[in-house]
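S.K.: Mind looking at a prediction? Sequence and model below.
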Amino acid sequence: MATFTVKPKERINHTLTVPGDKSITHRSVMLLSLSEGNSIISNYLKADDTNRTITAFKNMGVNITEISDDKLLVEGVGIKGLKAPHCAIDAGNSGTTIRLLSGILAGQNFSCEIFGDESLSKRPMKRIIEPLRLMGVEISAKDDQYPPLKIKGNPDLKPIKYTMPVASAQVKSCIIFAGMQAKGETHVIEPAPSRDHTEKMLKYLGAKIDVYENKITIEGPTTLKAKDIHVPGDISSASYFLVAGLLVPNSEIEIKNVGFNKYRIGFLQILSKMGANIQIKNIENVCNETVVDIVASSSELHGLSVDQNLIPSMIDEIPLLVLVATQAKGTTIISGAEELRVKESDRIKTITTELNKMGAKITELTDGFVIEGKTLLHGAEVYSYNDHRVAMTLAIAGLIADGETKINNSECVNISFPGFWEILEKI
């Protein structure tokens, strides 16, 4: 169990890049594997989560080769070209791998088992099991809910019209991936918008997909045309260093080439409402995704109530928002975030417990938090609960705390952000 010690900083001025977007890397590997022809993924994220997806497709007969430090060559096999793996697929800690891959396996002509680590084995899968069963897939799970999942593919999937009870890009993508293998139109209706990397990438690769407000229609069976994909920097990873720029005195941090998906910028929108000095520069369109440079400077912040409708667009950044709120004047209330209870850890409980150790005044709600600010944080020995986002949030807290902060299980950042500690030391 590794421990990383963070010391407070008086000033930061730095320009940096962050690793490739995790969500886009997963989807690039999956969809280019199902495309017809060869393609290159550049600036892909090399992390434990994405390696699980790469390994899964290699085990199903796709040739995926690292041709340089940040480039993968993917030799697509077509929508029906996957082969049955010789053993069960290990998704590790990756909810994206198990949920999205289930949608792909739904329409294949073989059976397969997917399992994960202790944390993933406690995450709910009923939300994908139900719609896939409606499409004619046989799926079994522990307590009909938890991994491992045993999926018997059905090459004759039925298209469905499905209204999702909870907004989730992973669940939406799972149904879309199954729908692109069914004959006819599959309709997915979201209760609130969620990140749309799947829809953008499918359109880029030539699929017949239509998006109108909160309704997505995919026409199957789909043929995907291989195209090169450049993965932008991950905005969730960038957020940690943007917050460092906001909270450390006399500081300015610029992060270049960051993905700026409109359904993932709820965190930046909330920060701006709190008074954050954030600038967006050099806007480009790259492979159907918006890419920008972002600059964050030291700011005087004030508390607010977070609109529940923004929660899906910032679900990964909420622990970080809780930290920001401890440094904002007044009270901040976050509600509608019960999804945090079923992440890599119970993030409502874990981030409340650990930041309160450092002097924060946070009250845990069933679906969120009440945070009193502004509070002086002090160094403490804290725990990540093997949750990468909790670990990185505590690291940024350590930059503004009085004294040293020791973070246990610090190696868990490799799930999404290898090199995080090295960048933190540089700044």
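M.R.: On my side now, so go ahead. This is a predicted model, so every value here is computed, not measured.
S.K.: I'd say L34 and G61 touch.
M.R.: No. Under the criterion of C-beta atoms under 8 Å, L34 makes no contact with G61, lying 11.7 Å away. C-beta coordinates here come from the backbone N, C-alpha and C atoms, glycine included.
S.K.: residues shared between the contacts of the two?
M.R.: V77, G81, L82 (C-beta atoms under 8 Å, 6 or more residues apart in numbering).
S.K.: most neighbours, which of these?
M.R.: Neighbour counts for those, by other C-beta atoms under 10 Å, peak at L82, which reaches 24 neighbours.
S.K.: Could you pull up phi and psi at that residue?
M.R.: According to degrees, to the nearest 10, the main-chain angles of L82 amount to phi -70, psi 150.
S.K.: How about it: what's its closest non-neighbour residue?
M.R.: Once flanking residues are discounted, L82 sits nearest to M60: 4.4 Å by C-beta to C-beta, 6 or more residues apart in numbering.
S.K.: what's the neighbour count on the one you found?
M.R.: 22.
S.K.: Surely it is in contact with H86?
M.R.: No. Using C-beta under 8 Å, M60 is not in contact with H86; the gap is 9.7 Å.
S.K.: In contact with the closest residue to I334 other than its chain neighbours, which residues?
M.R.: Nearest residue to I334 in three dimensions, chain neighbours excluded: G368, at 4.1 Å (C-beta to C-beta, 6+ apart). By C-beta under 8 Å, 6+ apart, the contact set of G368 is V306, I333, I334, S335, G336, A337, E338, I348.
S.K.: which of the residues you listed lies closest to S384?
M.R.: Closest approach between the contacts of G368 and S384, by C-beta to C-beta: I348, at 15.4 Å.
S.K.: part of a strand, is the closest one?
M.R.: No. Counting by DSSP: H, G, I helix; E, B strand; the rest coil, I348 is not found in a strand; it is helix.
S.K.: before we move on, the earlier item: L34 and G61 - which one has more neighbours?
M.R.: L34 (26 against 14).
S.K.: measure the more buried one to G81 for me?
M.R.: 8 Å (C-beta to C-beta, to the nearest Å).
S.K.: Walk me through the domains of the chain.
M.R.: Annotated domains of the chain cover 3-20+232-426, 22-228 [automatic domain parsing].
S.K.: May I have the distance across the longest one, first residue to last?
M.R.: Taking C-alpha to C-alpha, to the nearest Å, the first and last residues of domain 3-20+232-426 lie 18 Å apart.
S.K.: before we move on, what about the last one?
M.R.: The stretch domain 22-228 measures 17 Å between its terminal residues, going by C-alpha to C-alpha.
S.K.: same question, stretch 51-65
M.R.: 12 Å.
S.K.: now that stretch: mean pLDDT?
M.R.: Averaging pLDDT along stretch 51-65 gives 98.
S.K.: could you pull out the strands for the stretch 1-150 of the chain?
M.R.: Along the stretch 1-150 of the chain, counting by DSSP state E, counting those that start in this stretch, strands occupy 3-6, 13-16, 36-42, 63-68, 71-77, 89-90, 111-115, 138-142, 146-152.
S.K.: which SSE is the closest residue in space to Q308 that isn't next to it in sequence in?
M.R.: Excluding its sequence neighbours, the residue lying closest to Q308 (C-beta to C-beta, 6+ apart) is G336, at 3.2 Å. Here G336 is covered by no helix or strand, with elements defined by DSSP states H and E.
S.K.: Let me see the contact set for G336.
M.R.: Here G336 is in contact with V306, Q308, I311, D367, G368 (criterion: C-beta under 8 Å, 6+ apart).
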